[in-house]
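> Fold the following, please.
(one chain, ligands or ions: 1)
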Amino acid sequence: MTGLNQQLQARKQAAIPNGIGITCDFYAERALNAELWDVEGRRYIDFAAGIAVANTGHRHPRIVQAIRAQLDAFTHTAFQVAPYGSYVELAERINHLTPGSHPKKTAFFTTGAEALENAIKIARAATGRTGVIAFSGAFHGRTFMGMALTGKVAPYKQDFGPLPAEVYHIPFPSALDGVTVQDTLKALDLLFKADIPPQRVAAIVIEPVQGEGGFNVAPPELLQALRERCDAHGIVLIADEVQTGFARTGRMFAIEHAGVTPDLITMAKSLAGGMPLSGVCGRADLMDAAPRGSLGGTYAGNPLAIAAALAVLDVIDEEHLIARADALGTRLRHALTEHAHPRIAEIRGLGAMVAAEFRLPDGQPDPDTAASIQRRALELGLVLLTCGAYGHVIRFLFPLTIPDGLLEEGLAILKKAMSA
Ligand code: PMP
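Purely as a prediction, here's the structure:
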């Protein structure tokens, strides 16, 4: 007799394509705050939060209640057909929460990739230019523009070309790989000389902390220099805060750490705590450049997701999750330092967005150690995610609402998995 998980695994193999890669070997039945239970009743501590989606935990009562109330009112009218006030209210709150006191506007979509697609559309419409500059190691989604912007060939874009043209990549700084901010800026200047003049560039897109790319923190001086270059050449600076947003880094948005105000911000994931919702917020003059009818989507700004997002913002505020992120990050860094795994080459991040990078003694990336710690942790009941160019980085994304006791229990499992 095989168990329910195994049965589902066999059916999944037959019914679902290989292209969907899956981390866990169990099938979820229930979740609450920072815990998951599988179809066989086994319980897991969740240090993944659905890839940075559940900053406010799974099924926070306040968010569940908001979704229920909306469910009883209406679930869909299409904002473009019969609009609803909650969308307007959320836009107002996002306009207020994002960096900068200038006039802003916000449009909602459904996925992170869609937010990036639309940010590029808006930047192109506003500037009348076509070029877009992104970074090596970046991840911006699996749609065509998302793939084009993403700075990693395998597995995201190797089999799917041709991709949209006029997208260029420059190196993201990395102390471990000897790439300095000066190197990055030199590459940008070279790009302006060799490939595209700055007057043809519509936008520069950057994650203030690269998510899938390995939790690489953009040095503040890079973000400040990009701001200056963008101002000098009329280029739109887009901060992709899909993974970094909503208190994860100890600020509402990670770019606040650098004191830089971007022209556009893309957001998704923890915006709606598990409901599919994304957004682009930015300078009102830019946001208004796209012609009437050119932005939106049937499900864009779904009312259930909007109701969840309004409750998410309340929870972040009332439960002081911004300060909590800093405290959790400090505790995690301490635990990682204390365990001192010999292959950890660097512990880095901002706030609770922390990762450990594994390297071999000769300095080469060590994905095997990261994978074996991840596997061992899963056997012991802890869900971990990897990231980085070679999958050699373990990232920590527990809900910011995780109780101290549960965090300690998870860290104890991590310690066991690292010493195995
Ligand atoms: N941008 C960033 C920074 C992301 O981390 C992701 C998802 N990991 C995306 C965009 C794409 O979001 P989605 O998967 O919702 O399309």
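> Could you look up the SS state of residue 18?
coil (DSSP: H, G, I helix; E, B strand; the rest coil).
> ok, how many other residues are close to it?
Neighbours of residue 18 under the rule other Cβ atoms under 10 Å: 6. The C-beta positions use only the backbone N, C-alpha and C, and glycine is treated the same way.
> Check it and give its pLDDT.
Here the pLDDT value assigned to residue 18 is 96.
> Spit out the contact partners of it.
By Cβ atoms under 8 Å, 6 or more residues apart in numbering, the contact set of residue 18 is empty.
> got it, and the one 5 residues further on?
Contact criterion Cβ under 8 Å, 6+ apart gives 48, 374, 383, 385 as the residues in contact with residue 23.
> OK, contacts around the first one?
Going back to what we said before, that points to residue 48. Applying Cβ under 8 Å, 6+ apart, the residues contacting residue 48 are 23, 383-385, 397-398.
> before we move on, what about the last one?
Contact partners of residue 385, counting by Cβ under 8 Å, 6+ apart, are 23, 47-48, 51, 374, 394-395, 397.
> On the strand side of things, show who it bridges to.
Judged by DSSP bridges, the bridge partners of residue 385 are residue 395.
> could we number from 15 for the rest of this?
Sure, I'll start counting at 15 from here, so that last one is residue 399.
> Next, work out how far apart it and the ligand are.
Residue 399 is 10 Å from the ligand, where distance means Cβ to the nearest ligand atom, to the nearest Å.
> Give me the pLDDT for that residue.
pLDDT at residue 399 comes out at 98.
> Residue 256: neighbouring residues, count only.
27.
> scratch that, residue 360
Neighbour count for residue 360, taken as other Cβ under 10 Å: 17.
> same question, residue 341
By other Cβ under 10 Å, 16 other residues sit near residue 341.
> Name the secondary structure element that contains it.
helix 335-353 (DSSP states H and E).
> What are the contacting residues of that helix?
Residues outside helix 335-353 that contact it (Cβ under 8 Å, 6+ apart) are 69-70, 261-266, 329-330, 358, 361, 363-368, 370, 410, 412, 414-416, 421, 425, 428-429, 432-433.
> buried ones in the helix or strand that it is followed by?
Where DSSP H and E defines the elements, the next helix or strand beyond helix 335-353 is strand 358-364. Of the residues in strand 358-364, 358-364 count as buried by neighbour count, 16 or more other Cβ atoms under 10 Å.
> avg pLDDT for strand 358-364?
98.
> That one pairs with which strands?
In the sheet, strand 358-364 lines up with strand 367-372 (antiparallel) (DSSP bridges).
> Say whether the ligand is contacted by the partner strand.
No. Strand 367-372 stays clear of the ligand (Cβ under 6 Å from any ligand atom), getting no nearer than 11.1 Å.
> swap in stretch 133-143?
No. On the criterion Cβ under 6 Å from any ligand atom, stretch 133-143 is out of touch with the ligand, staying 10.3 Å away.
> Name whatever forms a beta bridge with the residue lying closest to residue 380 once chain neighbours are set aside.
Setting aside the residues directly before and after it, residue 380 is nearest to residue 372 in space (Cβ to Cβ, 6 or more residues apart in numbering), at 4.2 Å. Here residue 372 sits in beta bridges with residue 358, going by DSSP bridges.
> OK, contacts around residue 372?
Contacts of residue 372 (Cβ under 8 Å, 6+ apart): 355, 357-359, 379-381, 383-384, 406-408.
> ranking the residues you listed by neighbours, who comes first?
Ranked by the number of neighbours (other Cβ under 10 Å), these place residue 408 first, at 29 neighbours.
> so it touches residue 369, yeah?
Yes. The pair residue 408 / residue 369 is scored as a contact, 6.3 Å apart, by Cβ atoms under 8 Å.
> Before we move on, what's the pLDDT of the closest residue to residue 47 other than its chain neighbours?
Distances taken as Cβ to Cβ, 6+ apart put residue 71 closest to residue 47, at 3.9 Å, once the chain neighbours are dropped. The model reports residue 71 with a pLDDT of 98.
> Now residue 71. Its backbone dihedrals?
Residue 71 adopts backbone torsions of phi 80, psi 170, taken as degrees, to the nearest 10.
> Tell me, how many residues neighbour it?
Neighbourhood size, residue 71 [other Cβ under 10 Å]: 26.
> got it, and residue 430?
Neighbours around residue 430, by other Cβ under 10 Å: 16.
> now do residue 282
A total of 29 residues lie near residue 282 under the criterion other Cβ under 10 Å.
> who's in contact with the closest residue to the ligand within the chain?
Closest residue of the chain to the ligand, Cβ to the nearest ligand atom: residue 126 (2.1 Å). By Cβ under 8 Å, 6+ apart, the contact list for residue 126 reads 154-155, 256-257, 280, 282-283, 292.
> So what's the predicted local confidence for it?
Reading off the model, residue 126 has pLDDT 98.
> Residue 317 too?
98.
> Residue 15 now?
60.
> So the most centrally placed residue in the chain, which state does it fall into?
The centre of the chain sits closest to residue 257, judged by Cα atoms, centre = their mean, with a distance of 1.5 Å. Secondary structure, three-state DSSP: residue 257 is coil.
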